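Colleague: Next one to model:
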Amino acid sequence: MKKQAGFTLIELVAVLVILALLGAMAVPRFSNMQDDALTAAKNGSSMAVKSAHTIAIAKLRALPTVTELEGYVGGEAGATAVGTGIQVTIGGDPYVVPTFGDAACTAATALVTDTVGCVGSIP
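Modeller: Numbering: from 1, shown residues only. Here you go, the predicted structure:
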């Protein structure tokens, strides 16, 4: 009599159970990746505007206005000067990096002609 080669039903079910357990452990690790990526993009954009602020002060030898600061923000963020800061686009959504008129970051700018003494972070 010929011996048949193959797997038994019990072996196949055991493999499926193991794969299901591995999948159940992997899903939570990847579910927060989108939130983490957005947070990293917000932090990166905020730091880019802060760096642009430092460069603008060095080149202008004075505090820049919100409009002048916009000119120093590079990259593909699509930066636009708005009264309360620099608007950047992340994943198609607009976010504002807040700007402040004082060095203590307490008095928010209201107009694009206001000078920027401090740059905050995207909330």
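
Colleague: Same question for the top helix by length along the chain: list its buried residues.
Modeller: The longest helix of the chain (DSSP state H) is helix 33-60. For helix 33-60, burial by neighbour count (16 or more other C-beta atoms under 10 Å) applies to 41, 42, 45, 46, 48, 49, 52, 53, 56, 57. To be clear about C-beta, it is placed using only N, CA and C from the backbone, and glycine gets the same treatment.

Colleague: With stretch 105-118 instead?
Modeller: 108, 109, 112, 114, 115, 116, 117, 118.

Colleague: distance of the closest residue to the fifth one other than its chain neighbours from residue 85?
Modeller: Closest residue to residue 115 in three dimensions, ignoring its sequence neighbours and counting by C-beta to C-beta, 6 or more residues apart in numbering: residue 63, at 4.2 Å. For residue 63, the distance to residue 85 equals 15 Å [C-beta to C-beta, to the nearest Å].

Colleague: quick one: which of the two has more around it?
Modeller: For residue 63 versus residue 85, the count of surrounding residues by other C-beta atoms under 10 Å is larger for residue 85: 27 against 18.

Colleague: who's the more buried one bridged to?
Modeller: Counting by DSSP bridges, residue 85 is bridged to residue 82, residue 98.

Colleague: Tell me which residues touch the residue sitting nearest the centre point of the chain, please.
Modeller: When C-alpha atoms, centre = their mean is applied to the chain, the residue found nearest the centroid is residue 41 (1.6 Å). Residue 41 makes contacts with 90, 91, as judged by C-beta atoms under 8 Å, 6 or more residues apart in numbering.

Colleague: ok, now which ones touch the residue nearest to residue 115?
Modeller: Residue 63 neighbours (C-beta under 8 Å, 6+ apart): 57, 115, 116, 117.
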